[in-house]
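Undergrad: quick one, what's the 3D model for this:
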Amino acid sequence: MTLHTGLYYCEVQDQTIAHLYEHLLIASFKDFIETQGFSRYLFGWLNGETFDTVLFLEYGFYDKQVENLFTEFIQSDSRIDFVHVNNELERIAAEEGADLSVASINAVTTELQRFNFLPFQSLENTNILHDESPVETTTKRPIVTLKKKTPNLIINVLVEMEYNCIEQLATLLRSTPILYDTINETLFAKGTYEVASSWIAREPGSLIARGSVIHESRMELSSASTKRQIEEAIKLTSEKLSEHPNQLRTYANGFITTQTWNTLPIEYYRYAGVIASRNTIAELITPEAVADVFSQIHITVETKIPS
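TA: Okay, the predicted model is just below:
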């Protein structure tokens, strides 16, 4: 079972609307695969990057069926769910570190609908080589503009586990992407933007492993309520793993078969002092083992605005 990867691009004109469309594509695709019976935390990843005239989408899927669903999704003319528009505008503001001025939400919706009909092309299956043509300047008033930049709220989510055996630590190391995705999705729903995450590292001379995820937001967030929501989300993810045993097995097997991940055991040793083969680690990944590890995770949420 090999990792299925791909790269698509679309030529665009309005960079700000294209950036919003990129966010909406990713959020909507995660919703879409859930309606098709797949977990949003086990499918792999879908990332995007928007430039002045080009939008790129890059993916890595553990299951060929998810890749087929993506092909169906990206060829549709109703790709995005407009329910996410306001939240993704907030996330872009956090990403840019500036408040957004929206001239007309109806105009934004109209432009996004137009983007639904723009064709995406795969860079994996075609022969393409050309210079980017200069884009004509326009005097049309921008629909969405950035205001003066001011410091964001920094949200630092600290993850800690006191493990009982080396098997638990190894399970945590490979299930960290699931854990961090759960944290990210919880914070994304609050209009935040992820800026960094760390490897899970063992505290020298102890049985404690720690990691962190850092987000930024334009809005004030309660540390206590955010902590509670993250804990509830982790518990829900643990419970739902048993509904996707085959997808979790595909996720684990992808760790073995992806050739470029052959050096990950070095990183596991660097940060956690664990020497283990990819086969051994993959065999540890079961719904019960991951749920057991997640049940022992302690979350701390710290927020601050840089002075």
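
Undergrad: do a quick rundown of the helices in this structure.
TA: Here the chain has its helices, by DSSP state H, at 15-35, 64-74, 85-96, 105-115, 166-188, 223-241, 245-257, 264-272, 278-284, 287-294.

Undergrad: want to throw these into TSV with mean neighbour count and mean pLDDT?
TA: Where C-beta positions appear, they are placed from N, C-alpha and C, glycine not excepted. Formatted as TSV, the helices of the chain follow (neighbours: other CB atoms under 10 Å; pLDDT from 0 to 100):
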stretch	mean neighbour count	mean pLDDT
helix 15-35	20	96
helix 64-74	17	97
helix 85-96	20	94
helix 105-115	15	93
helix 166-188	21	98
helix 223-241	17	97
helix 245-257	18	95
helix 264-272	16	97
helix 278-284	17	96
helix 287-294	19	97
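
Undergrad: now these in a markdown table, with distance to Asn152?
TA: Output for the helices of the chain, formatted as a markdown table (distance: least, CB to CB, whole Å):
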| stretch | distance to Asn152 |
| --- | --- |
| helix 15-35 | 17 |
| helix 64-74 | 31 |
| helix 85-96 | 6 |
| helix 105-115 | 23 |
| helix 166-188 | 13 |
| helix 223-241 | 15 |
| helix 245-257 | 32 |
| helix 264-272 | 27 |
| helix 278-284 | 36 |
| helix 287-294 | 29 |
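
Undergrad: export stretch 173-188 as PDB, just CAs?
TA: Taking C-alpha atoms only, stretch 173-188 is exported to PDB below (Å, rounded to 0.1, in the frame of the first residue of the first chain):
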ATOM      1  CA  LEU A 173       5.000   8.900  18.100                       C
ATOM      2  CA  ARG A 174       3.200   7.500  15.100                       C
ATOM      3  CA  SER A 175      -0.300   8.700  16.100                       C
ATOM      4  CA  THR A 176       0.900  12.300  16.700                       C
ATOM      5  CA  PRO A 177      -0.400  13.400  13.200                       C
ATOM      6  CA  ILE A 178      -3.900  12.100  14.300                       C
ATOM      7  CA  LEU A 179      -3.600  13.900  17.600                       C
ATOM      8  CA  TYR A 180      -2.300  17.200  16.100                       C
ATOM      9  CA  ASP A 181      -4.900  17.100  13.300                       C
ATOM     10  CA  THR A 182      -7.600  16.800  16.000                       C
ATOM     11  CA  ILE A 183      -6.200  19.800  17.900                       C
ATOM     12  CA  ASN A 184      -5.900  21.800  14.600                       C
ATOM     13  CA  GLU A 185      -9.400  21.100  13.500                       C
ATOM     14  CA  THR A 186     -10.700  22.200  16.900                       C
ATOM     15  CA  LEU A 187      -8.800  25.500  16.700                       C
ATOM     16  CA  PHE A 188      -9.500  26.000  13.000                       C
END
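
Undergrad: ok, residues contacting that stretch?
TA: Contact partners of stretch 173-188, identified using CB atoms under 8 Å, 6 or more residues apart in numbering, comprise 27, 30, 40-42, 87, 91, 155, 157, 159, 172, 194, 197, 199-200, 211, 213, 215, 226, 229-230, 233-234, 237, 251-252, 255, 268, 272, 274, 281-282, 284-285, 290, 293-294, 297.

Undergrad: next one: stretch 40-47
TA: Contacts for stretch 40-47 (CB under 8 Å, 6+ apart): 3-4, 25-26, 29-31, 33-34, 57-63, 66, 70, 178, 181-182, 185, 237, 244, 247-248, 250-251, 254.
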